[in-house]
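# Below is the structure, and that's it, no one-letter string:
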């Protein structure tokens, strides 16, 4: 795929982020409506998208691919954790930046941006694999992630995993979809048709919500921290390149490899800011990182799309 063709496809997605940003800035959306739309996505639209994507005929090959993805997911988090641990030290980051930078480098925006981008590059089949690859995210983000944020002090969080965090629709819908897939259960047409319609609105709505979220950040000091650009380079280019080099000898299917590499090259997770704020660990640094990695990814994601297609 030519870079400019890939850039054109990615720009379509980023224009929707721009719509959300504009709507929030001019008051069409407010903080409450952005939060409500985010809940709608997490509890209704994304679960519908996941379940609908798994309404495909069961084959032993798909099952093996799913098992491979789970292994690849934990392998990815191991690689990203090693990179994240040493990166702030090598960048001579300030002590208070360590936790946020490490969280940003381990956890990417794998749903709100990851699912739409993967669907754009590889088609709807990629969502089946992306949902499976995303299973460890919730478990690790709210255990290992909180520990990374707070271990250097300055926060009020405790690195204790709370099982109730698993009781969210996006996480549980993956297992519902897998159960239906493994038992070759077909959802009746009226319900499946509704899931299909919800699936069709998930991509544009998730991008609009992402834009609305970014518009709520304090942009006055976003671009002043030079280390953020180096972290963005690691997050968006070095990590996916490293993941490709490590995993390509073991993953022959280009679609599965693409899901792993593109997810590794997503911007920092938006919940970086939420968790940093909740645990009082420099949410301003987190906001800078989320905004800059999202902005820079408009140029790096087409590179990944061009390389992998």
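Yes, it's here. Predicted model, so just to flag it, every value in this text is computed and none were measured. Residues are numbered from 1 along each chain as shown.
# Give the residue spans of the chain that score low on pLDDT.
For the chain, the stretches with pLDDT under 70 are 1, 153-166.
# how close does the residue nearest in space to the middle of it sit to residue 70?
Nearest residue to the geometric centre of the chain (C-alpha atoms, centre = their mean): residue 110, 1.6 Å. Distance from residue 110 to residue 70, counting by C-beta to C-beta, to the nearest Å: 14 Å. For glycine as for every other residue, the C-beta is placed from the backbone atoms N, C-alpha and C.
# Also residue 243?
16 Å.
# So for those two, which sits in the more crowded spot?
residue 243 (23 against 13; other C-beta atoms under 10 Å).
# In the helix or strand hosting that one, which residues are buried?
Element membership of residue 243 [criterion: DSSP states H and E] is helix 239-247. For helix 239-247, the neighbour count (16 or more other C-beta atoms under 10 Å) marks 239-244, 246-247 as buried.
# and what of stretch 139-153?
In stretch 139-153, counting by 16+ other C-beta under 10 Å, buried: 139-142, 144-150, 152.
# Give the other helices and strands that the lengthiest helix in the chain contacts.
The helix spanning the most residues in the chain, taking DSSP state H as the definition, is helix 60-90. For helix 60-90, the elements it packs on are helix 98-106, helix 125-133, helix 135-141, helix 144-150, helix 169-182, helix 239-247, helix 254-264, judged by 3 or more C-beta pairs under 8 Å, 6 or more residues apart in numbering; DSSP states H and E.
# Just put these in a markdown table and tack on distance to residue 6.
Formatted as a markdown table, those follow (distance: least, C-beta to C-beta, whole Å):
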| stretch | distance to residue 6 |
| --- | --- |
| helix 98-106 | 24 |
| helix 125-133 | 15 |
| helix 135-141 | 25 |
| helix 144-150 | 31 |
| helix 169-182 | 28 |
| helix 239-247 | 14 |
| helix 254-264 | 12 |
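# among these, which is the most enclosed?
Among the helices and strands packed on helix 60-90, helix 98-106 has the highest mean neighbour count (mean count of other C-beta atoms under 10 Å), at a mean of 27.
# before we move on, back to that, let me know the secondary structure of the residue nearest to the centre of the chain.
coil (DSSP: H, G, I helix; E, B strand; the rest coil).
# is it true that it touches residue 265?
No. Counting by C-beta atoms under 8 Å, residue 110 stays clear of residue 265, with 10.6 Å between them.
# circling back: who are the packing partners of the helix holding residue 243?
Using 3+ C-beta pairs under 8 Å, 6+ apart, helix 239-247 sits against helix 60-90, helix 254-264.
# change it to 6 Å
Packing partners of helix 239-247 (3 or more C-beta pairs under 6 Å, 6 or more residues apart in numbering; DSSP states H and E): helix 254-264.
# which residues touch the helix it packs on?
Residues from elsewhere that reach helix 254-264, judged by C-beta atoms under 6 Å, 6 or more residues apart in numbering: 65, 72, 110, 114, 118, 122, 126, 129-130, 133, 239-240, 243-244, 247, 251, 304, 308.
# now that helix against helix 125-133, angle please.
Using axes from the mean of the first three to the mean of the last three C-alpha atoms, to 10 degrees, the direction of helix 254-264 lies 60 degrees away from that of helix 125-133.
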